[in-house]
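S.K.: What follows is a predicted protein model with its sequence.
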Amino acid sequence: MKLTLAEPRLLKDTISILNELVNDVQIKIDNDKIEIVATDPANVVLVVFKLLSSAFIEYQIDSPEKISVSLDNLNQILRRLKGNDTLSLEVDRKKNKLIVKMSGDSTRTFNLSLIDMDEREQHIPELEFKSKVVTNSKMLEDAIEDVGIVAESAALILNKDKMSIKGAGNLSNAHIEFPKSDDVQIKTDDNIEAKYSIEYLKKLIKGGKLSDEVTIQWNNDYPLKLEYNLVDKLALSFVLAPRISED
């Protein structure tokens, strides 16, 4: 197996985001993609990441592979990438290593030990959404950061004319509105509201590093799904459990 990326940020930035949520992961490699499906230790958020074979300049596999790694260790290695580097990945089964090679002004090779993980398949829930918002990733990021100044949770509210994000603390509150427009595409048949943890949302919105556009789906007191996609390159989605509280 040998995989080579000319845009290593596609993997580097994603692993950096996932590393804030998940400790160890299993990476599946088949003819079409590499894929990570994982949940955080508290089972609050599910992550699904696919890096498509079409994103690679070299994609050679003899047969499907499953490898498990420490995300913290992989993230530390990928942080050493430089702007003009290409990134190559190979698996050495005899030494039980993932070989990470960075080629640019110099060639640097890291050998990352594979780990043993429970082979249990991660379940991706079948969710039905009554709403969908497609908007600019930076707009969502700014709104969550604004609400995070005053509150520990954010209420996402939707009707056919606008999306609102609200938060309230003991002494302050924040309210951000996104009227329906070319930059805020809204599809909904109902008025919808659900509350989610700011702590988690701040981690998930970092997906905006990968895509300028985010797709948001949720229902009343229902999981939230955020999707960041780059056509023919990658798909990153998060499913976040709602927060049920009295505040």
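M.R.: Sure, I can see it.
S.K.: use CA for all of it now, contacts and neighbours both
M.R.: Fine.
S.K.: So what pairs up with K187 in the strands?
M.R.: K132 (DSSP bridges).
S.K.: Which residues lie in contact with it in this structure?
M.R.: 131-133, 160 (CA atoms under 8 Å, 6 or more residues apart in numbering).
S.K.: Next, count neighbours for the residue lying closest to L140 once chain neighbours are set aside.
M.R.: Nearest residue to L140 in three dimensions, chain neighbours excluded: I205, at 7.4 Å (CA to CA, 6 or more residues apart in numbering). Using other CA atoms under 10 Å, the number of residues around I205 comes to 22.
S.K.: Next: K206.
M.R.: Around K206 there are 19 residues (other CA under 10 Å).
S.K.: Report the secondary structure state of the spatially closest residue to it that is not a sequence neighbour.
M.R.: For K206, ignoring the flanking residues on the chain, the nearest one in space by CA to CA, 6+ apart is I17 at 6.5 Å. Using DSSP: H, G, I helix; E, B strand; the rest coil, the structure places I17 in helix.
S.K.: my read: the residue nearest to L140 touches N136, true?
M.R.: No. Contact criterion CA atoms under 8 Å: I205 and N136 do not qualify, at 11.1 Å.
S.K.: For M139, what is the enclosing helix or strand?
M.R.: Assigned by DSSP states H and E, M139 belongs to helix 137-148.
S.K.: Then S211?
M.R.: With DSSP H and E as criterion, S211 is part of no helix or strand.
S.K.: Run through the residues that contact it.
M.R.: Counting by CA under 8 Å, 6+ apart, the residues that S211 touches are 137, 228-230.
S.K.: rewinding a little: any chance of the backbone angles for the residue nearest to L140?
M.R.: Main-chain dihedrals, I205, degrees, to the nearest 10: phi -70, psi -10.
S.K.: Find the residue at the geometric middle of the protein.
M.R.: L236 (4.5 Å; CA atoms, centre = their mean).
S.K.: Return the set of residues that bridge with that one.
M.R.: F49, Y228.
S.K.: wait, it sits on E227?
M.R.: Yes. The criterion here is CA under 8 Å, and L236 meets it with E227 at 5.8 Å.
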